[in-house]
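next input, structure requested:
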Amino acid sequence: MIGYYIHHQGLGHRNRATQIARELTVPVTGFSSLERPEAWPGEWVQLPPDVAQDPVDPTANDVLHWAPLEHPGYRERMGLMAQRLRSDVELMVTDTSAEVTLLARLMGVPTVVMAMRGDRTDRTHRAAYDAATALIAPWSRETAETYWPEEWTRKTTFTGAISRFDVPVRVPGFSAEHVPGAYSSGEPAPGERAATRGASGSGASDVGGQRVLVVWGRGGTDVGDTEIEAARAATPGWSWTVRSPENPSPDLWRELHEADVVVSHGGNNAVAELSAAHSRAVVVAQPRPHDEQAATAAALERGGICVGLQHWPDAAAWPRLLARARQLGGSRWDAWRHGDGAYRAARALEDLLHGVTS
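Sure thing, here's the model as predicted:
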């Protein structure tokens, strides 16, 4: 059985894990303090939360990221995973936690870390990445960071982007009842560009002209209504629609295709959705630990895939940026994705599992 730890911050880790789990042909058990997703194909162990207002030495003198002393929730969640690691977990995937990675490895269980972009050379990340049996990177080898240590690259499977809009690969002989459908009714078929530009129902703020879709995430305080309104005022002839966790899209796949340009934060899953839709895009990094989104935006800009920015620009820059995004087009997204990233990740996990248990 494969164990799969899923971090509670945001929903991106859970969405990606679910896509991969749906492609597995072996039992998988999820471990998370998030609620079990409807499409999760296996067992789900609900972990108690480990948040703390005033944590006691959470970094263990800067050795770890989060291991607070005398925290009942933290102790309970690690204990629950330890019980299963002792009994029936044959391979542990972490997306992502250095502490869970090290726990599994210390208990003699092979570990796979879902890698993240940015500077992961701090003491804790290095320990987890070094100790892992394998790494999975949800980006292509072509767009990988050049500064990774060779020992990490050597044991990494580069799957390309993993999007909920990728068409699931059906595994021969595997019952479809274990692979719930990924898409809600009414969505255009993933993998095909929908001929919807100029259609109604985009939710745009103005009528006519060209369309900008803004996809923005939680956790950023750098961009608000003031910045969006300034960008809108600087781009006459463009209508701006803003989607966020507070104002979600009723049909994101369709809106991605209706937009002439998509402006998005640099989160891994958001960029994966852009790649699936081959969107003409401007990706703006939000401040994140280890410069994760900054590294993503830099890789996109470096590869000529779309416009990649390190911070939200001045309003006067937007006419030029939108024009450049249109000029770049969306054809270079194939350098970022293969279209079957979840399937590739699942096959890598099963190959490793069978190699361990054979």
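
low-scoring stretches of the stretch 151-300 of the chain, by residue?
Where the stretch 151-300 of the chain drops to pLDDT under 70, the residues are 169-208, 218-222.

where along it do the helices fall?
225-233, 252-258, 268-277, 292-302 (DSSP state H, counting those that start in this stretch).

list the helices and strands the first one packs on?
Counting contacts by 3 or more CB pairs under 8 Å, 6 or more residues apart in numbering; DSSP states H and E, the secondary-structure elements packed against helix 225-233 are strand 238-243. C-beta: built from backbone N, CA, C; applies to glycine.

sheet-wise, list the partners of the strand it packs on with their directions.
Using DSSP bridges, strand 238-243 pairs in its sheet with strand 210-215 (parallel).

what's in contact with the partner strand?
Contact partners of strand 210-215, identified using CB atoms under 8 Å, 6 or more residues apart in numbering, comprise 197, 202, 204, 228, 235, 237-244, 252, 255-256, 258-265, 270, 273, 322.

now render the helices of the stretch 151-300 of the chain as a markdown table, adding distance to His71 and mean neighbour count.
Formatted as a markdown table, the helices of the stretch 151-300 of the chain follow (distance: least, CB to CB, whole Å; neighbours: other CB atoms under 10 Å):
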| stretch | distance to His71 | mean neighbour count |
| --- | --- | --- |
| helix 225-233 | 38 | 15 |
| helix 252-258 | 37 | 21 |
| helix 268-277 | 28 | 25 |
| helix 292-302 | 26 | 22 |
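
mind listing what's buried in stretch 54-63?
Pro55, Pro58 (16 or more other CB atoms under 10 Å).

tell me the mean pLDDT over that stretch?
Throughout stretch 54-63, pLDDT has a mean value of 96.

swap in stretch 125-138?
pLDDT averaged over stretch 125-138 gives 98.

quick one: it to chain centroid distance?
17 Å (CA atoms, centre = their mean, to the nearest Å).

and Gly10, what pLDDT?
So Gly10 comes in at 75 (pLDDT).

what strand or helix carries it?
Per DSSP states H and E, Gly10 falls between elements, in no helix or strand.

can you count the residues close to it?
Using other CB atoms under 10 Å, Gly10 is surrounded by 15 other residues.

these two touch, right, it and His265?
No: using CB atoms under 8 Å, Gly10 is not in contact with His265; the gap is 11.2 Å.

what sits in contact with each of the two?
Counting by CB under 8 Å, 6+ apart, the shared contacts of Gly10 and His265 are Gly217.

distance of Ala315 from Ala272?
For Ala315, the distance to Ala272 (CB to CB, to the nearest Å) stands at 29 Å.

in space, what's closest to Pro48 - neighbours in sequence excluded?
Gly73 (4.3 Å; CB to CB, 6 or more residues apart in numbering).

pLDDT score assigned to the one you found?
Model confidence at Gly73 (pLDDT) stands at 97.

offset the numbering so it begins at 624, please.
Got it, first residue is 624 now, which makes that one Gly696.

mind giving me the packing neighbours of the helix or strand harbouring it?
Secondary-structure assignment from DSSP H and E places Gly696 in helix 695-710. Here helix 695-710 touches strand 625-629, strand 651-655, strand 666-669, helix 721-729, going by 3+ CB pairs under 8 Å, 6+ apart.

if I take it and strand 651-655, what angle do their directions form?
Helix 695-710 runs at 160 degrees relative to strand 651-655, counting by axes from the mean of the first three to the mean of the last three CA atoms, to 10 degrees.
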